[in-house]
Every structure is written in structure tokens, then in C-alpha cells.
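*Asks:* okay, predicted coordinates and the sequence, questions at the end:
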Amino acid sequence: MNKHYIFDTHAHYHDGRFSETASGLPAPPALLDGLFADTIGEITDIGTDIETSEKAIALAEHYPHMYAAVGMYPGSCPIPYVPEQMEDTISKLRTLLNHEKVVAIGEIGLDFHYDDVPREIQQHWFERQMQLAEETHMPVIIHDREAHGPVLETLSRYPGVRGILHSYSGSAEMAEQLIHMGYFISISGVVTFKNAQKVVEVVRRVPLEYLLVETDCPYLTPHPHRGKTNHSGYLSYTVSRIAEIKGIPDAEVCDVTRKNAYRIFGLRQEQDTE
């Protein structure tokens with residue numbers, strides 16, 4: 001019979017929280033082996049700078065069904081902005097993109113919540129990495145926190161680029177614009193929170209063929225496990241909530257979102273049977 005696996009499109013298993021002493025969870029090998037043996041079909045581990053991008057690739061090399069994304073997260077952008085330094089980083093990213101397990105540029109984008117990095121510096125890096133995506137024909141994974149207008153405006157200037165809005169927090173109207181531009185909307189454990197009416201409306205209005213699921217682990221643990229370190233084993237709660245909102249079986253959410261992930265990452269899906 002068919003088994004319905006889930007594709008976790010956004011995780012950070014290289015994060016230091018994934019150690020026995022820090023989180024109470026098994027170290028990544030034991031944890032990931034168990035997840036892949038259970039309900040998880042694939043995971044994309046996401047870099048936030050050169051060092052973590054390399055760690056994501058190292059993890060992906062170890063697991064046949066793990067992939068990596070490489071990029072410079074807005075909060076990781078160096079201060080001050082030095083064009084030569086940025087070009088050196090872009091050159092390193094371009095080299096990493098040649099690795100067979102790398103499927104996207106990310107996570108990149110804008111974060112106006114903390115403003116730790118000046119917005120103009122974030123914008124410089126965002127634009128340059130969108131240009132890299134344009135040059136390499138790689139999809140992008142977009143981080144957008146309290147920067148919906150500038151993110152949408154930037155993406156609209158690169159009509160040849162496709163990608164994912166990760167842990168989507170914008171409006172349903174913006175989501176509809178994005179899917180017409182060729183982007184997928186990724187839903188995290190936030191959809192299970194009691195105050196998540198905005199995300200619920202997005203799930204209700206966006207066709208399932210444009211939705212993805214993610215953990216963003218170790219962050220954004222779904223209800224009823226909020227407060228614990230998140231991992232892909234909790235992704236079933238996100239799937240179930242999406243299924244409930246749409247009035248469809250959990251299995252359909254697993255299957256369609258997994259196919260969507262394969263499509264945006266340019267992967268070929270194998271038949272799963274047991």
C-alpha cells in the first residue's frame with residue numbers, strides 16, 4: 001500500500017539547538033534516521049550564511065533524501081556594506097550552487113522586525129542574490145518579516161525568478177499575487193496557533209497546488225508542542241490543520257505539497273510503496 005510521506009521544505013538541522021544537551025532531542029543522526037524511517041520523505045536544510053550553507057550541504061551529503069539551500073539571510077548581512085566583500089561572498093555562493101544536493105538560493109530577503117541590519121544593506125544583498133538566481137536559474141527561498149511591500153516590489157523586478165515564500169505571513173491578496181508570479185506559499189506550524197487567522201485565510205484561499213509545508217525547525221513549533229524544540233516529526237500537526245481548513249484528507253495534503261516541493265526544486269519524485 002502507498003505511504004504518504006511529507007516533504008519538509010525548510011529546516012535548520014545544523015543549528016546548535018540540535019544537540020542532546022541543548023534540547024533533550026537526539027543528536028541529528030539519530031533524530032534524522034528516525035524521521036526518515038517514519039513519516040518524512042525529504043527535508044531541505046537551509047543556510048543563512050556561508051558557514052551554515054556549508055553545514056547544510058554536509059548534512060545533505062549524508063542523507064539521500066536531504067537537500068540544501070545556500071544563501072545570505074538578511075540578519076547575517078555584514079555591516080558596513082562593502083561591495084567587494086559582497087562579490088566575494090556571491091562568488092562563494094555560486095560555487096556552492098554547483099553541488100548536486102543544492103536545490104535553491106536561500107534563505108534571502110528582508111526582515112524589518114529587529115532592524116539589526118540597516119534596511120538599505122539588506123536590500124543590497126537581497127537584490128544581488130536575486131540577480132544570482134536570475135543568472136543561475138535557481139529558485140529562491142524568501143524570508144519576509146514585516147517587509148511585505150518591499151519584498152513584493154523586489155520580486156516583481158525579477159520576473160524570470162521563481163521560488164518560495166517561507167513561513168508565509170502576508171495577506172491572502174498578496175499570496176494570490178505571488179502565485180501568479182510563479183511563487184509557492186510555504187506554511188509553517190504558525191497555522192496551528194490560536195491567533196493565526198491571517199494564515200488560516202491564506203490556506204483557505206490559495207489552491208493546494210501552490211502550497212508547501214515546513215517546520216523552520218528548531219523554531220515555530222506547532223500546537224500542542226509550543227515551547228519545545230521543533231523538528232520534522234511535528235509536521236503532521238501542520239498538515240492536519242491545513243487539511244481541516246480545506247476539508248480534505250491529511251494524505252492529500254501530504255501528497256500534493258510533496259509534489260509541489262519536487263516541482264519547485266526541480267527534483268524527480270520516486271514512487272513510494274510499502
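*Replies:* It's in.
*Asks:* OK, contacts around Tyr8?
*Replies:* Quick fix: residue 8 reads Asp, not Tyr. Ile40, Glu42, Ile43, Thr44, Val213, Glu214, Thr215, Cys217, Ser232, Leu235 (CB atoms under 8 Å, 6 or more residues apart in numbering). Just so you know, the C-beta spots here come from the backbone N, C-alpha and C atoms, and that holds for glycine as well.
*Asks:* likewise Pro139?
*Replies:* Pro139 neighbours (CB under 8 Å, 6+ apart): Val103, Ala104, Ile105, Ala133, Val161, Arg162, Gly163, Ile164, Ile264, Phe265, Gly266.
*Asks:* quick check: the fifth one touching Ile142?
*Replies:* No: checked against CB atoms under 8 Å, the pair Val161 and Ile142 is beyond contact range at 10.0 Å.
*Asks:* closest to Glu61 out of the contacts of Pro139?
*Replies:* Val103 (13.4 Å; CB to CB).
*Asks:* how about the closest one, phi and psi?
*Replies:* Per-residue torsions, Val103: phi -120, psi -10 (degrees, to the nearest 10).
*Asks:* what sits closest to it if chain neighbours are left out?
*Replies:* Nearest residue to Val103 in three dimensions, chain neighbours excluded: Phe265, at 4.0 Å (CB to CB, 6 or more residues apart in numbering).
*Asks:* run a quick neighbour tally on the one you found.
*Replies:* Look at Phe265: counted by other CB atoms under 10 Å, it has 21 neighbours.
*Asks:* same question for Leu267.
*Replies:* Count around Leu267 with other CB under 10 Å applied: 14.
*Asks:* confirm it sits in a strand?
*Replies:* No: under DSSP: H, G, I helix; E, B strand; the rest coil, Leu267 falls outside any strand and is assigned coil.
*Asks:* look up how far Pro64 lies from it.
*Replies:* Separation of Leu267 from Pro64 (CB to CB, to the nearest Å): 12 Å.
*Asks:* any idea of the mean pLDDT in the helix or strand hosting Thr44?
*Replies:* In this assignment (DSSP states H and E), Thr44 forms part of strand 40-46. Average pLDDT, strand 40-46: 98.
*Asks:* what packs against that strand?
*Replies:* For strand 40-46, the elements it packs on are strand 6-11, helix 50-62, strand 66-70, strand 102-111, helix 250-265, judged by 3 or more CB pairs under 8 Å, 6 or more residues apart in numbering; DSSP states H and E.
*Asks:* please tabulate the ones you listed in CSV, including the columns distance to Ala196 and mean pLDDT.
*Replies:* Shown next, in CSV, are these (distance: least, CB to CB, whole Å; pLDDT from 0 to 100):
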stretch, distance to Ala196, mean pLDDT
strand 6-11, 17, 98
helix 50-62, 28, 96
strand 66-70, 25, 98
strand 102-111, 20, 98
helix 250-265, 16, 98
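*Asks:* so can I have a markdown table of these showing distance to Tyr81?
*Replies:* Shown next, in a markdown table, are those (distance: least, CB to CB, whole Å):
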| stretch | distance to Tyr81 |
| --- | --- |
| strand 6-11 | 27 |
| helix 50-62 | 17 |
| strand 66-70 | 20 |
| strand 102-111 | 15 |
| helix 250-265 | 30 |
